[in-house]
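J.: Any chance you could fold what I've pasted below:
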Amino acid sequence: MIEGIWAALFIFLLAAFTGYEVISRVPVILHTPLMSGSNFIHGIVLVGAMIALGHADTVLEQVIGFLGVLLAALNAVGGYVVTERMLEMFEVKKKGKGA
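T.: Model (predicted):
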């Protein structure tokens, strides 16, 4: 059991380091398309978390599954909000009557 926890922690740390290194090298112009792509992936993560929650047997598994669903949903919705705000920056503003 302890070996599994260490392996999971090791994989998590490797994923966090790799994610940081990859994202830090992305040019600013590509952030909007990458945000849209990550929102798609987060939708898949949300579905996976819901399936895992549906198969949960113990209370601890249900709590972890619920937190997974909650965090995945918040991440996906937040990503869409940020993408929409970024795309609004590129819209042409209409001039009012007084201008």
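
J.: any idea how far the residue lying closest to Asn39 once chain neighbours are set aside lies from Val47?
T.: Take Asn39 and drop its neighbours on the chain: the residue closest to it by CB to CB, 6 or more residues apart in numbering is Gly79, 4.2 Å away. In short, each C-beta sits where N, CA and C put it, glycine included. Distance of Gly79 to Val47, given as CB to CB, to the nearest Å: 15 Å.

J.: Just give the number of residues close to Met86.
T.: 13 (other CB atoms under 10 Å).

J.: Where does it fall, secondary structure wise?
T.: Remark: Met86 resides in helix 59-88, with elements defined by DSSP states H and E.

J.: just Ile41 next, same as before
T.: Per DSSP H and E: helix 31-54 holds Ile41.

J.: relative orientation of that helix and helix 59-88 in degrees?
T.: 160 degrees (axes from the mean of the first three to the mean of the last three CA atoms, to 10 degrees).

J.: who touches helix 31-54?
T.: 26, 62, 65-66, 68-69, 72-73, 75-76, 79-80, 82-83, 86-87 (CB atoms under 8 Å, 6 or more residues apart in numbering).

J.: Apply 10 Å and report the result again.
T.: Residues from elsewhere that reach helix 31-54 (CB atoms under 10 Å, 6 or more residues apart in numbering): 22-23, 26-27, 30, 61-84, 86-87, 89-90.

J.: list the buried ones in it?
T.: Going by neighbour count (16 or more other CB atoms under 10 Å), the buried part of helix 31-54 is 35, 38-39, 42-43, 45-46, 49, 53.

J.: before we move on, back to that, apply the buried test to the contacts of helix 31-54 and list what passes.
T.: Buried, going by 16+ other CB under 10 Å: 65, 68-69, 72-73, 75-76, 79, 83, out of the contacts of helix 31-54.

J.: Can you tell me which of the buried residues of helix 31-54 is nearest Ala15?
T.: Nearest to Ala15 out of those is Val45 (CB to CB; 13.0 Å).

J.: how much space between the closest one and Glu61?
T.: Remark: distance between Val45 and Glu61 (CB to CB) = 17 Å.

J.: Just the CA atoms of the lowest-mean-pLDDT helix or strand in the chain, as CSV, please.
T.: Taking mean pLDDT, DSSP states H and E as the measure, the chain has helix 31-54 as its least confident helix or strand, at a mean of 80. The C-alpha trace of helix 31-54 is given here as CSV (Å, rounded to 0.1, in the frame of the first residue of the first chain):
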residue,chain,number,x,y,z
HIS,A,31,-2.8,30.8,-25.1
THR,A,32,-6.4,31.2,-26.4
PRO,A,33,-6.3,28.1,-28.7
LEU,A,34,-4.6,26.1,-26.0
MET,A,35,-7.2,27.2,-23.4
SER,A,36,-10.0,25.9,-25.8
GLY,A,37,-8.2,22.6,-26.2
SER,A,38,-7.7,22.2,-22.5
ASN,A,39,-11.4,22.9,-21.9
PHE,A,40,-12.1,19.9,-24.1
ILE,A,41,-9.8,17.8,-22.1
HIS,A,42,-11.3,19.0,-18.9
GLY,A,43,-14.7,17.9,-20.2
ILE,A,44,-13.3,14.4,-20.6
VAL,A,45,-11.8,14.6,-17.1
LEU,A,46,-15.3,15.6,-15.8
VAL,A,47,-16.9,12.6,-17.5
GLY,A,48,-14.2,10.3,-16.0
ALA,A,49,-14.7,11.7,-12.5
MET,A,50,-18.5,11.2,-12.8
ILE,A,51,-17.9,7.5,-13.8
ALA,A,52,-15.5,7.0,-11.0
LEU,A,53,-18.0,8.6,-8.5
GLY,A,54,-20.7,6.2,-9.9
